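**Student:** fold the following.
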Amino acid sequence: MVNGMDKRHDFSLTGDVDLPQPDAAELRGRQSVRATFKLSARAIDALSIVAMHLGIKQKSLFDHLIEDVQTLNVIAKEVEAEGFKSLSRVQKTFVISRRTLASLDEISRQFRAPRDALVEYSIQRLLPVLQREREKHRRRKMLLVEIDRHYQQGVTLLEQSVSELGEDDPVSGRLAAAMEAYTAVRDQIAHFVAKADVIEEF
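**Tutor:** Numbers count the residues shown, from 1 in each chain. Okay, the predicted model is just below:
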């Protein structure tokens, strides 16, 4: 209680502000559901690798691909069910939004296209992204070599400062602090590069 008033009063805007009201159906469409698809291992790996490299949740990436109704319609019109059936596929369960699943089911019924095929070919749209990320990763590895070289120069410079000025000298102390921070950053970069090496095997 503050000044005799309950702090838990309803929040309201002052003035005549006309705001759009959330739609219950739209909110329900944001709910997460689990859906299982039978996809090629290549498609499953592509989704996982792109999500990791771009720092995006797989659910968000999956929803983004499937909620593109215009592209999904084009895929549905062009998909060759027989050719898709010949692919070696495995079952994989994804967490996706209810709206995404509903959109996928609707287009699958409308065009009589296999739902799994729509997902498979939607994910294949990520292949150019993977190609670009593979090239960026190659450049990151080259840059890491330069970072390591520069780091070793810093270590040598710190050793020289301690040798000539002493460990307690302000210059040595500041160089030591800088190298401590540099070590942490270099280790983080090396860890990221090593973790992302999987893209080279795709």
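**Student:** okay, the closest residue to Asp63 other than its chain neighbours and Val74: tell me how far apart.
**Tutor:** If the residues on either side of it in the chain are set aside, Asp63 comes closest to Thr100, at 4.7 Å by Cβ to Cβ, 6 or more residues apart in numbering. For glycine as for every other residue, the C-beta is placed from the backbone atoms N, C-alpha and C. For Thr100, the distance to Val74 (Cβ to Cβ, to the nearest Å) stands at 17 Å.
**Student:** more neighbours: which of the two?
**Tutor:** Between Thr100 and Val74, counting by other Cβ atoms under 10 Å, Thr100 is the more crowded of the two (22 against 12).
**Student:** ok so the more buried one is a strand residue?
**Tutor:** No: when DSSP: H, G, I helix; E, B strand; the rest coil is applied, Thr100 is found to be helix, with no strand at that position.
**Student:** for it, give me its contacts.
**Tutor:** Taking Cβ atoms under 8 Å, 6 or more residues apart in numbering as the criterion, Thr100 is in contact with Phe62, Asp63, Ile66, Glu67.
**Student:** so which helix or strand takes in the first one?
**Tutor:** Spelled out, it's Phe62. Element membership for Phe62, per DSSP states H and E: helix 58-66.
**Student:** now do that helix: which elements does it pack against?
**Tutor:** Applying 3 or more Cβ pairs under 8 Å, 6 or more residues apart in numbering; DSSP states H and E, we find helix 58-66 packed against helix 41-54, strand 89-97, helix 98-111, helix 115-123.
**Student:** which helix or strand in this protein has the lowest average pLDDT?
**Tutor:** Scoring the helices and strands of the chain by mean pLDDT, DSSP states H and E places helix 24-29 at the bottom, with a mean of 56.
**Student:** follow-up on the earlier one: name the residues that touch the helix holding Phe62?
**Tutor:** By Cβ under 8 Å, 6+ apart, helix 58-66 touches 32, 47-48, 50-51, 54, 72, 94-97, 100, 103-104, 118-119, 122-123, 125-126.
**Student:** in what helix or strand does Val185 lie?
**Tutor:** Of the helices and strands defined by DSSP H and E, Val185 is found in helix 170-195.
**Student:** buried sites along that helix?
**Tutor:** Taking 16 or more other Cβ atoms under 10 Å as the neighbour-count basis, helix 170-195 is seen to contain the buried residues Ser172, Leu175, Met179, Tyr182, Arg186.
**Student:** the residue most central in space within the chain in helix, strand or coil?
**Tutor:** With the centre of the chain defined as its mean C-alpha position, the nearest residue by Cα atoms, centre = their mean is Ile56, 1.8 Å away. In three-state terms, and counting by three-state DSSP, Ile56 is coil.
**Student:** repeat for Val33
**Tutor:** In three-state terms, and counting by three-state DSSP, Val33 is strand.
**Student:** swap in Lys38?
**Tutor:** strand.
**Student:** let's have the chain start at 135 instead
**Tutor:** From this message on, residue numbering opens at 135, which makes the last subject Lys172.
**Student:** isn't it up against Arg223?
**Tutor:** Yes: proximity of Lys172 to Arg223 meets the contact threshold set by Cβ atoms under 8 Å, at 4.5 Å.
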